[in-house]
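Colleague: Just to be clear, the model below is a prediction. Sequence and coordinates:
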Amino acid sequence: IVSIVEYEAAQKCKNEGVKLSIAAHNISNRMQQLDNNSRKVQAQIDRLCDQLIDGVNERRTLLLQHLQHITRSKQEQLAMHKSQLQQKTKQMEDGYADMQ
């Protein structure tokens, strides 16, 4: 009778051991999957960051070109106004000199 009880206890222990072994194996597999997923997500994040940086740099370049164009245009306008003012000033000075 004692040996039957011991045998049943041993079988329960063995069955629990098998269950624990399977559970440990499943946990190990799941951890590997999570690690792989983590690497994939990090690679996606890296790609998106690179794309974002490229987009920001491209936008910055376009804005700088636009500002340079505006600056050149304004400088040309100022140069033209300056020339016109110099001509008018010269005409006024000549007219004043003629009156004397």
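Modeller: Sure, I can see it. Source: prediction; values computed, not measured. Residues are numbered from 1 along each chain as shown.
Colleague: now T61: how far from G55?
Modeller: In this view, T61 and G55 are 11 Å apart by C-beta to C-beta, to the nearest Å. Bear in mind the C-beta positions are built from the backbone N, C-alpha and C, glycine included.
Colleague: shared neighbours, the two?
Modeller: With contacts defined as C-beta atoms under 8 Å, 6 or more residues apart in numbering, no residue is shared by T61 and G55.
Colleague: Look at K90 and say how many residues are nearby.
Modeller: Close neighbours of K90, defined as other C-beta atoms under 10 Å, add up to 10.
Colleague: and it, what element?
Modeller: K90 belongs to helix 2-99 when assigned by DSSP states H and E.
Colleague: and that helix, how far out from the chain's middle?
Modeller: From the chain centre to the centre of helix 2-99 is a distance of 0 Å (C-alpha atoms, centre = their mean, to the nearest Å).
Colleague: Now it: average pLDDT?
Modeller: Average pLDDT, helix 2-99: 95.
Colleague: From the contact counts, what lies against that helix?
Modeller: Judged by 3 or more C-beta pairs under 8 Å, 6 or more residues apart in numbering; DSSP states H and E, helix 2-99 has no packing partners among the helices and strands.
Colleague: How many residues are close by I53?
Modeller: By other C-beta under 10 Å, 10 other residues sit near I53.
Colleague: residues contacting I70?
Modeller: By C-beta under 8 Å, 6+ apart, the contact list for I70 is empty.
Colleague: Quickly note the distance from it to N57.
Modeller: Distance from I70 to N57, by C-beta to C-beta: 20 Å.
Colleague: Could you do S21 as well?
Modeller: As judged by C-beta to C-beta, S21 and N57 stand 54 Å apart.
Colleague: ok, now D46?
Modeller: Distance, D46 to N57, by C-beta to C-beta: 16 Å.
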